[in-house]
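A.B. asks: Quick check, what structure comes out for this input:
(chains A, B, C and D)
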Amino acid sequence: MSPTLWLAAAGGNSASIPAPHIEYGQLSPMLIVFAAAVAGILTEAFVPRRARYGVQIGISLLGLGGAFAAVVVLAAQGHATTQAGLLAMGSVAIDGPALFLQGVILLTAVMAVLTYAERRLEPRLNGHGVDSFAAQGGAVPGGDQEREATRAGFTTTEVFPLTLFAVGGMLLFPAANDLLTMFVALEVLSLPLYLLCGLARRRRLLSQEAALKYFLLGAFASAFFLFGTALLYGYAGSVQLGDIADVVSGVAPVTPALTVTTQNDALLLIGLAMLSVGLLFKVGAVPFHAWTPDVYQGAPTPVTGFMAAATKTAAFGAFLRLFYVAFPGLKWDWRPVMWGVAILTMVAGAILAVTQQDVKRLLAYSSIAHAGFILTGVIATNRQGLGAVLFYLLAYSFVTLGAFAVVTLVRDSKGEATHLSSWAGLGRRSPLLAAVFALFLLAFAGIPLTSGFTGKFAVFQAAAAGGATPLVIVGVLSSAVAAFFYIRVIVLMFFSDPQPQGPSVAVPSPLTATAIGVGVLVTLGLGLLPQYFLDLASKASLFVR
Amino acid sequence: MNPVNYLYLSALLFTIGASGVLIRRNAIVLFMCVELMLNASNLALVTFSRMHGNLDGQIIAFFTMVVAAAEVVVGLAIIVSIFRTRHTASVDDSNLMKL
Amino acid sequence: MSYLLTATCAVPAAGAVVTAALPAGNSEARRRTTKAVALAVSAATLALTAVVAARFEPGGPRYQLTESHSWIRSFGISFSLGVDGIGAVLVLLTAVLVPLVMLASWHDSDPAPAPEGSFEAKRRTQGFFALILAVEAMVLVSFLATDVFVFYVFFEAMLIPMYFLIGGFGDRAGGPDAGKQRSYAAVKFLLYNLLGGLVMLAAVIGLYVVAADQDLATFDLPTLTNAIADGKLAIDPTAEKALFLGFFFAFAVKAPLWPLHTWLPNAMGESTAGTAVLITAVVDKVGTFAMLRYCLGLFPDASKTFAPAILVLSLIGIVYGALVAIGQKDIKRLVAYASISHFGFIIMGIFALTSQGQTGATLYMVNHGISTAAWMLVAGFLISRRGSRLIADYGGVQKVAPVLAGTFLIGGLATLSLPGMAPFVSEFLVLVGTFSRYPAIGIAATFGIVLAALYALLLYQRTMTGPVKPRMEGMPDLKVRELAVVAPLVALTLLLGVYPKPLTDMVNPAVDATLSQVHQTDPAPAHPVAATTGGEHE
Amino acid sequence: MNSLIPLLVAVPLAGAALLLLGGRALDRFGHWLGTLAAAGSFGIGLVLFAEMLGRPTDQRPVREFLYSWIPVNGFQADVAFQLDQLSMTFVLLITGVGTLIHVYSTGYMAHDERRRRFFGYLNLFLAAMLLLVLADNYLLLYVGWEGVGLASYLLIGFWQHKPSAATAAKKAFIVNRVGDLGLSIAIMLMFVEFGSFAFGPVFGAADDASEGKLTAIGLMLLLAACGKSAQVPLQSWLGDAMEGPTPVSALIHAATMVTAGVYLITRSSAIFDLAPDAQTAVVAVGTVTLLFGAIVGCAKDDIKKALAGSTMSQIGYMVLAAGLGPIGYVFAIMHLVTHGFFKAGLFLGAGSVMHGMNDEVNMRHYGGLRKYMPVTFATFGLGYLAIIGFPGLSGFFSKDKIIEAAFSKGGTEGWILGLCALVGAAVTAFYMTRVMMMTFFGEKRWQPDPETGEEPHPHESPKVMTLPMVVLAVGSVFAGALFTYGDAFLKWLEPVTGFEEGHPPIPAAAVTVLTTVCMLAGVGLAYTMYGRTRVPVTPPVGSALTRAARRDLLQDDFNHAVLVRPGSALAATLVWFDSRGLDGFVNGLAATIGGVSGRLRRVQTGFVRTYALSMFGGTLVLVATTLLMRSV
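C.D. replies: Model (predicted):
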């Protein structure tokens, strides 16, 4: 298009487009992770195949560790509280929730990487230990190329950089302070996950199907998100959450354009609804949950664990920021709707899980139910609620990762034995593993003295304080239903007789063992002595605007 | 010409894209419909950008194109690999996981 | 601040961990060490509780030996313990019963024939005894807690070890589908109580929110009850009713109160006799105890509102439980239904809101614990000999095993609360206490004593008397170990029947305090005569 | 001196404990130990009696407070004893007769391997019975009350291997429990009314209370008495109780325990005197029972059951008397004592006969035994004469007084009662004569033992058994005269029970004459039926009344039809309801959730486009509701 148009569009003051100013230090967590990801790619390009595995693990752990260190430092400098502020021309926020969730995501990612790197579970292929990822992602399942790759003992070490990219996106997602950044972050975290889902070594058809479904629906959802962004931009003339809030509450300086657009609430409300669709899809809330069970089942289990934990955390982070920063003024419009969604999610998640026969699908539905519980905390729209949700996400992430890590250990000739029937009598053959899994299940069920209970108590308490008592009641009732299927698994493991040719429990390397161990520790720790982390969460529970 | 008409157009496109996703069977076409939805959004953005007289909308549109491109890369990779496996691009054929 | 109470709870807890960690293995020696360790721990606990009881001054303040350790400041939760008269006697009961239960189920955890290297073969015994100790620890905490949240947490957590005890270890009498029956019973137990617990959770949260609104953001029981008593904390009536129901539901499931009782027969029927005793004599008592301490203390007005309805339910429970017991074919289920009838009495005593009723109810908890333990454990010995729970399979036992029969009869007589035995004291107090406020209900409940006589004596007659049934001859009489279990129980039953004063002295002040929380006083007699103790009217 | 009172209870209790807990070591001499305990208690009783006589009348009652039993605020139950003339009378009767029967049992149970336990139970009974009569408050009395019930349960079912015995024992206990219901309700009423249930306070405050309350209390006490004393409608257990060893029947089901009801009513005189309606009820029960028992007694062929019937009816007399108020109490107790002697004697005699006839109880298989067991015959005979009220023997005095008192009730009521009592006397004479004739006179109708087939060789019982019988016979001969001489008994008891002279519409002498006439009539009739004509070995069909009487006048059939069958039906229904109804509901709920889940799962078709559709739909709903929220 021609310059004149340009000038017209720019309102004739194109000269005064300010040069962006970036606070690299405070963005360091994301930058470090992205850097590590790029390094990973380069590794794929230049490091010999044999060495890649080690190098990638090194890079990933260093990157994530460094990022976590950065987060800690930033928090120590008070960026979580007093020094909280906006970065990069207000498109990224650094504040309590952001740093807290970034910390959680990074820790989760570290554990996930550990489970990724596990190489003792799969039978060794002519001398090469292999992990649970496809020998060669592109190769046709069962095709010559794959056989070739498998024999050569190839492994897809690309999963590490992919994961790092996803982590980067996840770090950005809850910190994004304008809709555009949020959208970009959304895509950055999603695209690598789409790929990761398709890279399972066993059951590749399921894996690819999972990838396809996740991708198509994900893209569909983000299209809604984008259109919502467009409408909100249309309404408020800006995509910065703060500005939107000002416009909504009518404190923003009135421009002639605004006088026109703000008359049209439809823009605002429809935009809000469509944004929520994009986010509700990510957190897996009913009726946008349909992808969850299929994807969780098909994806490689370490990836499932990572997704279930980290994606939910990041998505809820963004969700909170959107509703707490941009739309506090719209409480009375979105809260009733979210009530409905929360109730629907809790009930449907719990009820649907009752009849599941596959462990991974079961956990998928349970994660849906938990999304519902977390939503009750979100709806509280008070500081307690925010703190409670942060804590819940912390607790939930580790339980989930631990649970899926356990799933990777129960195997038979065809790989992981995820059908419940094959878990019968597990508690008799390997009591320890069964006990650990039982602990995670009890935490999911919210039995006291586990992290699950503390989290549930926190969110329900906040919800009740926020006047959402009915939600709490629905919550406890669906918890009862949920308890039913968690217990069903425990019964299966401990009280029913083992199948003759049941699965065996693989002895993991220190990697997975560490992941599970940490999971157990956190689960018990947050159950027995949660005070420190509750403080942390409540200290962090203030958004910057 | 009243910019609002562009909004109507974009809404129309968005709806067409969405219904396309629901109706069509071929993964590629499905995907194209999603792209259509994204472009509908772009149109809206640009229009609003015009109405508000600031550049944000147009910048977002550029970003969107980039993102869409990335999506295409990933998406096609997945679709193609599935096609090579199953020799079909119909999304209805891949429903091993259900219930 | 003394750590005595913490120690009392910590010892069994630590013991559970130690026992569980003991070296695995199926050798008789290994098992014996496990059992010895567990028994020693429970004995130590008993000693500690004895100290607690000794240090407790009936005349003193409501809660004694109190201690408080900050736990979750964010919700005003502190791990605070304290013992009042009611708690003291129940703590004693628990500590006394657990070692006896262990002794009684000495061989119940010996591995059934199982594949080598399986859990049965390796860790079964450790598991069993560790679980018992875990239950003991949690029960003790819930009796001693003076913080609503702490109580709730252990009230709930208790379910898990209990669940594994029920589901994991049954008596030898089970049929081919015993395992299925057991896990059904275990799941039923857990789901019932979990549902109750979750409903209570909502109420607990509600209470906290209400209190926090009136900037009393704490779970500390004395603080709350005092604030409620002197109106500093005003809960609006509807909310109070709702909260009361939330708490009561959980306790009524645990207690269990008709019609929420159906989990009990399965649980007691399928588990080992020892576990059954733990359930009915110890764990369930937490429910009735909590009604007394929490429902009445926290929601006095609601308690008064619902008292009549609850009394009716408990009345139904008394009669219903007894009648169904009469119709049972299975010894242990019969005992279970008898217990349901007794819980009816306990709850009735609590909600009659008279000092006789509540003291009676408290004693009833203790006495029912002791007597049912005796009855159930002897029944367990019997079942372990014949390998059947069916009444019809027995007959003429008194001919071959007179001591067993005799103790079984004593247990039965205690259950039908024969005067001179402990249960009579409590039952009569409950009846009088109820009668003095609700004559009709009191009289109706009195019919329970006839039905009790029916099921107790019918069971004795069918199993013990008459000609000796086949496969009965040569049935061994009670062994020394078994006598060592029964003797203390029988002794206590008689002693507390003849001289319950030590207990009443402990309980009375606590009961008076409870009643004053509910703003209730005993109805005065129509034509009072001079108080008549110590032979004053000579 | 009072400190001896607890010993009265303690000694036999200790004996019981020792015998029941002590192992086989005691088997050899345990029975003597038990007897010793009884005798010791009797001794203490005598000492206390002596020193009570030593005190002036107004200071005779003493109270011994042991300790506070159940103190709960207003509710104060003590363990405290009260020994007044009434209690003393019972103490002597219980320990005296008790000791004799212990002695008798040493012989009777000589061959039973569980003899030690038997004596343990007997001691236990003594302790409980003494507690009953010594308690100074109703709750402690309750303990003794059920204690004797327990002892009776254990002793009736002593031969537990016999199902009939076990059943009888259970029946006795259950029926008694129904009575106890009354006692506990009465205690509750007292507590609510007076805030106490100790004799002194309650009786002291009785006249403040409304008559309605007192009537209620009285009726409840009556219910209790009916249970323990086998009065209509709770009499059904006594007949079956004869399953127990005969000494038990003699001690518990004739002389002592069954009379506890009379004690209760007499003891509560202060309440009954103020509740005429309750008294009327008492009188009615007594009268009905005295006829009921007598009729049953006529029809039974089982000697013990015949005697049981007679016990029932004699206690009917006592209850009747007690119901008459101050004019009756003394005579009720007097008859109770004399009855204690002769009925115990009769039972021991019956026991002796059975002993000689290898445990045959059917009188139709007796006959002509007088030659073979002279002592038994003599003692039994004296007891017989006593019970039918043969002039000069004890029964004559006590019963006569009761009948007289019955007339003195006055009005038509008095006439009815008196006449019933007279008829009762006649019937008594009839059935006792029948027993006498069938057992000791007429030709032998002995039958071989059904199992062993050996012929019975009737022989006199050993000294240790006959001696007590002799003593009791002496008692039954002279007790009456002794008591009446100078109204000794009246003077003795009056301070406790109170007394007022009865004024029968017809002169006392006339009553005596009438009584005697009736008695002779009964004897004559019985003699013609069973003395003159030979008795068939197999019972004749008999009249409807006879047939009914043989079945205890259909009492059991009634209970079975009205209580037992519906009861067990109800139990069965509830069992069904519990598993199908309540549990069914719960399981149904679980199943429903499962079903819903199963149906909802179908939505998860696996088709990505369906998922997209659900998302799209969801979006529309979301948008719509958001807009709606604004518009409303």
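
A.B. asks: Next, give phi and psi for residue C:68.
C.D. replies: When read as degrees, to the nearest 10, the backbone of residue C:68 gives phi -150, psi 130.

A.B. asks: Spatially nearest residue to it (excluding sequence neighbours)?
C.D. replies: residue C:80 (3.6 Å; Cβ to Cβ, 6 or more residues apart in numbering or on different chains). (C-beta placed from N, C-alpha, C; glycine too.)

A.B. asks: Which pLDDT value goes with that neighbour?
C.D. replies: pLDDT, residue C:80: 93.

A.B. asks: Then residue C:174?
C.D. replies: With respect to pLDDT, residue C:174 scores 63.

A.B. asks: Low-confidence bits of chain B, can you list those?
C.D. replies: For chain B, the stretches with pLDDT under 70 are B:1.

A.B. asks: Just give the nearest non-adjacent residue to the residue of it found nearest chain C, would you?
C.D. replies: The minimum distance from chain B to chain C, using Cβ to the nearest Cβ, falls at residue B:99 (23.8 Å). Among residues not flanking residue B:99 along the chain, residue D:601 sits closest, at 4.6 Å (Cβ to Cβ, 6+ apart).

A.B. asks: Let me see the contact set for the one you found.
C.D. replies: Counting by Cβ atoms under 8 Å, 6 or more residues apart in numbering or on different chains, residue D:601 touches A:352, A:355, B:99.

A.B. asks: Equivalent analysis for residue D:481, please.
C.D. replies: By Cβ under 8 Å, 6+ apart, the residues touching residue D:481 are D:392, D:394, D:397.

A.B. asks: Show the buried residues in these.
C.D. replies: The neighbour-count criterion (16 or more other Cβ atoms under 10 Å in any protein chain shown) marks D:394, D:397 among the contacts of residue D:481 as buried.

A.B. asks: Same list (the contacts of residue D:481) but as TSV, adding distance to residue D:531, secondary structure and pLDDT.
C.D. replies: As requested, the contacts of residue D:481 are exported to TSV (distance: Cβ to Cβ, whole Å; DSSP: H, G, I helix; E, B strand; the rest coil; pLDDT from 0 to 100):
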residue	distance to residue D:531	secondary structure	pLDDT
D:392	23	coil	87
D:394	25	helix	90
D:397	27	helix	89
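
A.B. asks: and residue 212, what element?
C.D. replies: Assuming you mean chain A. Assigning secondary structure by DSSP states H and E places residue A:212 in helix A:204-236.

A.B. asks: Let me rephrase: I mean chain D.
C.D. replies: Using DSSP H and E, residue D:212 sits in helix D:211-228.

A.B. asks: ranges for the helices of the stretch 451-600 of chain D?
C.D. replies: Listed from the start of the chain, the stretch 451-600 of chain D has helices (DSSP state H, counting those that start in this stretch) covering D:463-484, D:488-497, D:508-526, D:544-550, D:555-559, D:565-576, D:583-601.

A.B. asks: how about the nearest residue to whichever residue of the stretch 401-545 of chain A sits closest to chain D, chain neighbours excluded?
C.D. replies: For the stretch 401-545 of chain A, the residue closest to chain D is residue A:481, as judged by Cβ to the nearest Cβ, at 6.2 Å. Closest residue to residue A:481 in three dimensions, ignoring its sequence neighbours and counting by Cβ to Cβ, 6+ apart: residue A:350, at 4.1 Å.

A.B. asks: helix, strand or coil for the one you found?
C.D. replies: Assigned state for residue A:350: helix (three-state reduction, DSSP: H, G, I helix; E, B strand; the rest coil).

A.B. asks: how many neighbours does it have?
C.D. replies: The burial metric for residue A:350, expressed as a neighbour count using other Cβ atoms under 10 Å in any protein chain shown, is 28.
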